[in-house]
Structure formats: C-alpha cells, structure tokens
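**Q** Structure, please.
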Amino acid sequence: MKIGGTGGGNTTTGLSFEREVDFHELLRNIPGYRVEKVPNMAGLGVFFNNELVARCFRKHDFYRFLDEEGVDWRNILSKRLLPDDALLVIVRETLFIIEVKYQQVAGSVDEKLQTCDFKRKQYQKLVLPLGLKVEYVYILNDWFKKADYKDVLDYINSVNCHYKFNELPLAWLGLPIGNE
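**A** Residues are numbered from 1 along each chain as shown. Predicted coordinates:
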C-alpha cells in the first residue's frame with residue numbers, strides 16, 4: 001500500500017494524513033463514499049454506494065449516540081472523554097477511537113501517547129452494554145519514527161492499542177475499498 005491513500009491502479013485503499021486534516025473530508029474524497037447527517041441519529045452517517053457502513057462521532061456527538069442507545073455515561077464513568085474522532089464500523093461492531101498526532105517538535109503529545117490504554121478501557125466500559133468492541137488508534141506523522149519514540153510505540157502495541165504512520169487503511173477498519 002502506498003502512502004497517499006492509493007494503491008493498485010484505480011483503487012483507493014486508505015485515508016492519507018499528510019497533516020492534521022478533517023477525517024470526514026478524507027472519507028468524502030474517496031469515490032463511492034458519502035458522509036452526511038442522518039435524520040434523528042447522532043453524528044454523521046458514512047455511506048458506501050448508498051449503504052450505511054459506519055457512523056462518525058466527534059466529541060459530544062459520541063454521548064448523544066450513547067443517549068440514543070440508552071446508555072447513561074454518568075453511571076459508568078466519573079468524567080467524560082471527548083474523542084476527536086470516533087468511527088463505529090457497523091459490520092465489525094467496532095468503535096474506533098482515532099487520534100491524529102502531527103508533530104514537528106517535541107511537546108506534550110509525547111506524554112499523551114502513553115494514555116491510550118486508560119482511554120481505550122474507558123471507552124470499552126461505555127460501549128460494553130451495546131456489545132461493541134473498541135480499537136484505539138493513533139495516526140502519526142514521520143516525526144514519531146525517530147528512535148526516541150521506540151519505547152512508547154512498543155508500549156502502545158503492548159496494551160493492544162495501535163498506531164499507523166500517515167495513513168489509515170480502509171481494510172484495516174473493515175470498510176469497503178473505494179473505486180474510481
């Protein structure tokens with residue numbers, strides 16, 4: 001798979017994160033995909049060839065989704081976590097928490113990377129009543145390929161969280177591959 005989100009002739013196979021970008025816009029730019037509000041549903045619907053394949057939630061939208069499903073977060077967590085982007089892939093019954101970290105100098109992001117296990121477990125508590133799984137994934141730029149990050153990247157994997165560099169493959173998410 002090539003960085004840039006395309007591979008093999010006319011097929012779009014992933015979402016390319018060259019810098020901090022709008023996750024919804026990346027999906028909208030893939031042929032066959034459309035992202036739009038669905039009446040009476042929290043967040044946005046992700047459609048592929050007119051079929052609802054996923055739902056996107058940002059920050060408070062995720063808690064509106066929990067309300068729809070009859071889950072009262074106050075009975076589960078002491079404080080809300082607000083996801084930058086959460087993607088519920090319907091066919092996989094999996095909620096992906098997607099955090100994009102684009103860095104050009106050392107900073108507070110370094111320590112944030114070490115919080116994925118706690119956050120993943122918090123989200124698992126929230127969606128357990130719905131029978132959903134949770135995957136927590138960082139999308140990182142090349143800055144994090146430095147040797148300084150080896151330990152934290154190893155840690156991310158050791159706690160069953162994930163990271164990808166510059167791209168989020170659609171197949172990894174369980175989403176259909178777009179065709180041009």
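
**Q** Which element, helix or strand, includes the most centrally placed residue in the chain?
**A** Centroid-nearest residue in the chain: residue 98, 2.7 Å away (criterion: Cα atoms, centre = their mean). Take DSSP states H and E as the rule and residue 98 turns out to sit in strand 94-101.

**Q** picking that back up, can you give me phi and psi for the spatially closest residue to the residue nearest to the centre of the chain that is not a sequence neighbour?
**A** Closest residue in space to residue 98, ignoring its immediate chain neighbours: residue 85 at 4.3 Å, by Cβ to Cβ, 6 or more residues apart in numbering. Glycine gets a C-beta too; all of them are placed from N, C-alpha and C. The phi and psi values for residue 85, taken as degrees, to the nearest 10, are phi -140, psi 130.

**Q** quick one: the helix or strand following the strand holding residue 98 to chain centroid distance?
**A** The element immediately downstream of strand 94-101 (helix or strand, assigned by DSSP H and E) is helix 109-112. Distance of helix 109-112 from the chain centroid (Cα atoms, centre = their mean, to the nearest Å) equals 18 Å.

**Q** Tell me which other helices or strands the longest helix anywhere in the chain touches.
**A** The longest helix of the chain (DSSP state H) is helix 116-127. For helix 116-127, the packing partners by 3 or more Cβ pairs under 8 Å, 6 or more residues apart in numbering; DSSP states H and E come out as strand 94-101, strand 133-140.

**Q** Quick check: buried residues in the following helix or strand past the last one?
**A** On the C-terminal side of strand 133-140, the nearest following helix or strand under DSSP H and E is helix 150-158. By neighbour count, and taking 16 or more other Cβ atoms under 10 Å as the criterion, the buried residues in helix 150-158 are 152-153, 156.

**Q** thinking again about what came up before, give me the angle between the longest helix of the chain and strand 94-101.
**A** Put simply, helix 116-127 runs at 150 degrees to strand 94-101, going by axes from the mean of the first three to the mean of the last three Cα atoms, to 10 degrees.

**Q** Please export the C-alpha coordinates of helix 116-127 as PDB.
**A** As requested, the backbone C-alpha atoms of helix 116-127 are provided in PDB (Å, rounded to 0.1, in the frame of the first residue of the first chain):
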ATOM      1  CA  CYS A 116      -4.100   5.100  25.200                       C
ATOM      2  CA  ASP A 117      -4.600   2.100  27.400                       C
ATOM      3  CA  PHE A 118      -6.600   4.100  30.000                       C
ATOM      4  CA  LYS A 119      -8.700   5.800  27.400                       C
ATOM      5  CA  ARG A 120      -9.400   2.500  25.500                       C
ATOM      6  CA  LYS A 121     -10.600   0.900  28.700                       C
ATOM      7  CA  GLN A 122     -12.800   3.800  29.500                       C
ATOM      8  CA  TYR A 123     -14.500   3.600  26.100                       C
ATOM      9  CA  GLN A 124     -14.800  -0.200  26.500                       C
ATOM     10  CA  LYS A 125     -16.800   0.400  29.700                       C
ATOM     11  CA  LEU A 126     -19.100   2.800  27.800                       C
ATOM     12  CA  VAL A 127     -19.900   0.500  24.900                       C
END
